[in-house]
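Participant: Mind folding the following:
(one chain, ligands or ions: 1)
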Amino acid sequence: MLEVQELSVRYGKHIALESVGLRVKPGEIVVILGANGAGKSTLLKAIAGICEGQTSGSVSIDGEPVLGLPAHKVVDRGIALVPEGRGIFGELTVRENLVLGGNPARARDEVQANLDRLTTLFPKLRERAGQAARTMSGGEQQMVAIGRAMMSNPEILMLDEPSLGLSPLLAKDLFQTLKTVRDAGLGILLVEQNAKLSLSIADRGYLLENGRILREDKAQVLLHDPAVQAAYLGGA
Ligand code: ATP
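Facilitator: Residues are numbered from 1 along each chain as shown. Now for the predicted structure:
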């Protein structure tokens with residue numbers, strides 16, 4: 001289980017996160033909702049060990065502290081991030097992108113087994129294994145990015161705005177993919193602008209405003225709450 005306690009992040013004088021606490025258990029999807037600038041990306045970056053700000057508090061996985069470790073050590077403890085904008089290598093093939101994701105020490109001996117597992121889970125990655133990643137559609141590229149992160153055998157998969165730039169139909173497909181990943185037993189921590197779609201597949205959600213957690217509840221409760229609808233769902 002991923003556990004964040006009293007996590008604060010400041011960039012110089014600006015406090016981006018203040019005393020944030022949250023949990024993600026194996027086999028659940030947790031979504032963080034918040035307006036632009038609320039601190040959502042900062043939260044994922046701080047957990048992943050790539051935050052430029054000054055951090056305090058604690059982040060642990062299965063009781064082992066990870067806050068302050070370099071990013072590759074965080075990956076080796078079982079936390080993988082799919083960054084905003086995906087960050088895949090366009091000139092490399094799908095397979096080469098996936099293999100690169102298998103480099104962390106915790107997964108290095110299982111690259112072939114993980115490739116087999118992932119391409120069974122996502123047959124499209126097998127069909128397109130030899131294709132240059134840049135020639136894939138936006139939705140397919142997002143799948144490559146998720147697949148690459150999963151090659152490190154994570155317990156917790158974090159995604160920053162995965163539906164950005166995707167058509168509504170592709171975004172829906174992508175969220176179905178996330179359910180498949182959850183059902184495979186991973187915990188998912190998701191940051192999304194698309195509140196309606198993300199709450200509809202999530203188990204729980206947190207509302208983040210100005211760097212603080214305002215509320216935590218079951219996703220279905222948040223989805224049907226008039227105040228949440230007005231603030232995050234465009235009154236939908
Ligand atoms: P968005 O949805 O717009 O991406 P966000 O909720 O992900 O927003 P963050 O990117 O975490 O928000 O930023 C939170 C605050 O911290 C913002 O006010 C932002 O300007 C500031 N911030 C983020 N990164 C840095 C940085 N490297 N240096 C200084 N300030 C930063």
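Participant: which residues in the chain form helices?
Facilitator: Using DSSP state H, the helices of the chain run over 40-48, 71-76, 94-101, 111-121, 123-127, 138-150, 168-183, 195-201, 219-223, 226-232.
Participant: what residues does the longest one touch?
Facilitator: Residues outside helix 168-183 that contact it (C-beta atoms under 8 Å, 6 or more residues apart in numbering) are 27-29, 121-122, 137-139, 142-143, 146, 150, 157, 159, 162-163, 166, 188, 190, 194, 197-198, 200-201. For the C-beta atoms, the positions are set from N, CA and C on the backbone; glycine is no exception.
Participant: Can you tell me which of these are buried?
Facilitator: 28-29, 121-122, 138-139, 142-143, 146, 150, 157, 159, 162-163, 166, 188, 190, 194, 197-198, 201 (16 or more other C-beta atoms under 10 Å).
Participant: Run through who's touching stretch 116-128.
Facilitator: For stretch 116-128, the surrounding residues in contact (C-beta under 8 Å, 6+ apart) are 94, 98, 129, 136, 140, 143-144, 147, 150-151, 177, 180-181, 184.
Participant: what pLDDT, on average, does that stretch get?
Facilitator: Across stretch 116-128, the average pLDDT comes to 88.
Participant: List the buried residues of that stretch.
Facilitator: Neighbour-count burial for stretch 116-128, counted by 16+ other C-beta under 10 Å, picks out 118, 119, 121, 122, 124, 125, 128.
Participant: Stretch 220-231 too?
Facilitator: 222, 223, 225, 228, 229, 231.
Participant: Pick the one among those residues closest to residue 212.
Facilitator: residue 231 (14.5 Å; C-beta to C-beta).
Participant: Would you mind measuring from the closest one to the ligand?
Facilitator: To the ligand, residue 231 is 14 Å away according to C-beta to the nearest ligand atom, to the nearest Å.
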